[in-house]
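[1] What follows is a predicted structure for the sequence shown.
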Amino acid sequence: MKYWRKPLDQDHLKTQHYQVDLITDRCKGCGLCIEFCPRHVLAESAEFNRKGYHPIYAVNDDCLNCGLCELMCPEFAIRIVQREGAPARE
């Protein structure tokens, strides 16, 4: 989506980037995290985990820590961690 305006302080603020940490053996491939991710960071893998499900994986690095995937996961298989090398929040 292309916006017609930008925030006035856009040049002064730094965006924090995060990564999705997944416990693949706990994931049952329900797809709730994929459905509710607003940045389309997650996708279903073609591989199988130990339980025989297709776990999810991160397609790109656009995670901004909205937390919807963590909230929607019924198996608590997802957590969001700050990407290494990214500046810490002040």
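    Done, it's in. Model, not experiment: these values are computed from the prediction. Residues are numbered from 1 along each chain as shown.
[2] which regions of this protein sit below the pLDDT cut-off?
    Flagging of the chain using pLDDT under 70 yields the residue ranges 1, 85-90.
[3] if you set the cut-off to 80 instead, what comes out?
    Across the chain, the ranges flagged by pLDDT under 80 are 1-3, 6-7, 10, 13-17, 83-90.
[4] Spell out the residue ranges of the helices in it.
    With helices called from DSSP state H, the chain shows them at 32-36, 68-72.
[5] Kindly reformat those helices as JSON lines and extend each row with mean neighbour count.
    Bear in mind the C-beta positions are built from the backbone N, C-alpha and C, glycine included. Converted to JSON lines, the helices of the chain look like this (neighbours: other CB atoms under 10 Å):
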{"stretch": "helix 32-36", "mean neighbour count": "16"}
{"stretch": "helix 68-72", "mean neighbour count": "17"}
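[6] Would you format the ones you listed as CSV with distance to N60 included?
    Compiled in CSV, these are given as follows (distance: least, CB to CB, whole Å):
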stretch, distance to N60
helix 32-36, 13
helix 68-72, 14
